[in-house]
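A.B. asks: take this sequence and fold it.
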Amino acid sequence: MESIYAALLLHKASKSITEAAIEKVLKAAGVEADKSQLTKLVAGLKDKNIDEIIASAAAAPVMAAPVAAGAPAATEAPAKAKKEEEEEEEEEPTGIGSLF
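C.D. replies: Alright, predicted model coming up:
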């Protein structure tokens, strides 16, 4: 996750997003860089418009937590939904999604 923050920082500063640049930012912050993760991140961001990615993420609807303290939706989660969610997590993501 830190490498994504470093890439966003480089983007905001109008700097080139390279493995070496991200590693430099992470090193300055005292974080050890994972070389394979950096490679995946740079490859995932290649030819992508980061401003569009940020805008689409900001526009995505966020689920609000139920306001009522005893709301059934907050206390009851179907077992089937949990099982499906666990199965989805087991799939190997590709591209930039593999970093999360």
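A.B. asks: what average pLDDT does the helix or strand A57 falls within get?
C.D. replies: Taking DSSP states H and E as the definition, A57 sits inside helix 50-59. Averaging the model's pLDDT scores along helix 50-59 yields 87.
A.B. asks: now for the protein, the helix or strand with the poorest mean pLDDT.
C.D. replies: helix 72-75 (a mean of 52; mean pLDDT, DSSP states H and E).
A.B. asks: okay, stretch 40-48 in PDB with CA atoms only?
C.D. replies: As requested, C-alpha coordinates have been extracted for stretch 40-48 and formatted as PDB (Å, rounded to 0.1, in the frame of the first residue of the first chain):
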ATOM      1  CA  LYS A  40       3.700  -4.800 -10.800                       C
ATOM      2  CA  LEU A  41       2.700  -1.300  -9.800                       C
ATOM      3  CA  VAL A  42       4.700   0.500 -12.400                       C
ATOM      4  CA  ALA A  43       3.400  -2.000 -15.100                       C
ATOM      5  CA  GLY A  44      -0.200  -1.600 -13.900                       C
ATOM      6  CA  LEU A  45       0.100   2.200 -14.100                       C
ATOM      7  CA  LYS A  46       1.800   2.300 -17.500                       C
ATOM      8  CA  ASP A  47      -0.300   4.200 -20.000                       C
ATOM      9  CA  LYS A  48      -3.000   4.800 -17.500                       C
END
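A.B. asks: quick one: residues contacting L26.
C.D. replies: 2-3, 6, 32-33 (CB atoms under 8 Å, 6 or more residues apart in numbering). Just so you know, the C-beta spots here come from the backbone N, C-alpha and C atoms, and that holds for glycine as well.
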